[in-house]
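S.K.: any chance you could fold what I've pasted below:
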Amino acid sequence: MELSDEQKELFASYRVGDTQYQLAGGEEGCFKLANDFYDQMETLEETQHILSLHPNNREESRDKLARFLCFYLNGPHLYQEKYGNIQLGAAHAHIPIGSAERDAWLFCMARALDAQPWDQNFKEFLFIRFQTPAHRIQNRP
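M.R.: The predicted structure follows:
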């Protein structure tokens, strides 16, 4: 995706301090995004294969994602406070994650982002950022 000069400048402003966390609505906004993400995964036919890779009780998965999002968006380290250090690769090593699973995860996140009442540029910025952890947990082609 080619960014315009205006987008590059705007995206750079999102990286200052806890701007991302604040624009996302803080802790409440991060938890809403995580819950919307899992709501998408649970209802979309295209994502049932990655849903099956999660525990039947997804409350902890929702909580972990929300707390990770707080940290990832330069907010408080809520994940580390409850679960310890974030090690995405190690945490997902036991799950076969290839490009199909990665893309399904990103599809859910795109849908969850669309459901947020945020500026479209901010949503696009976050979707670009979420490519990194999505690719980082991929452990097979």
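
S.K.: quick one: least confident helix or strand in the chain?
M.R.: Least confident element among the helices and strands of the chain, by mean pLDDT, DSSP states H and E: helix 88-92 (a mean of 91).

S.K.: next, the buried residues of that helix.
M.R.: Buried residues in helix 88-92, defined by neighbour count with 16 or more other Cβ atoms under 10 Å: His92. Bear in mind the C-beta positions are built from the backbone N, C-alpha and C, glycine included.

S.K.: for that helix, packing partners?
M.R.: helix 120-136 (3 or more Cβ pairs under 8 Å, 6 or more residues apart in numbering; DSSP states H and E).

S.K.: ok now the helix it packs on, how far from the chain's centre?
M.R.: For helix 120-136, the distance from its own C-alpha centre to the chain's C-alpha centre is 8 Å (Cα atoms, centre = their mean, to the nearest Å).

S.K.: could you do stretch 47-64 as well?
M.R.: 14 Å.

S.K.: and stretch 64-71, by the same measure?
M.R.: Relative to the mean C-alpha coordinate of its chain, stretch 64-71 is positioned 8 Å out (Cα atoms, centre = their mean).

S.K.: what does it contact?
M.R.: The contact list for stretch 64-71, computed with Cβ atoms under 8 Å, 6 or more residues apart in numbering, reads 21, 24, 27, 30-31, 33-35, 37-38, 76-83, 86.

S.K.: whichever of these end up buried, select them in PyMOL.
M.R.: Applying 16+ other Cβ under 10 Å to the contacts of stretch 64-71, the buried members can be selected in PyMOL as follows:
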select buried, resi 21+24+27+30+31+33+34+35+37+38+78+79+86
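
S.K.: can you pull the contacts of Pro96?
M.R.: Under the criterion of Cβ under 8 Å, 6+ apart, the contact partners of Pro96 comprise Leu53, Asn139, Arg140.

S.K.: same list (these) but as CSV, adding secondary structure and distance to Asp103.
M.R.: Listed next are these as CSV, based on DSSP: H, G, I helix; E, B strand; the rest coil; distance: Cβ to Cβ, whole Å:
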residue, secondary structure, distance to Asp103
Leu53, coil, 14
Asn139, coil, 15
Arg140, coil, 13
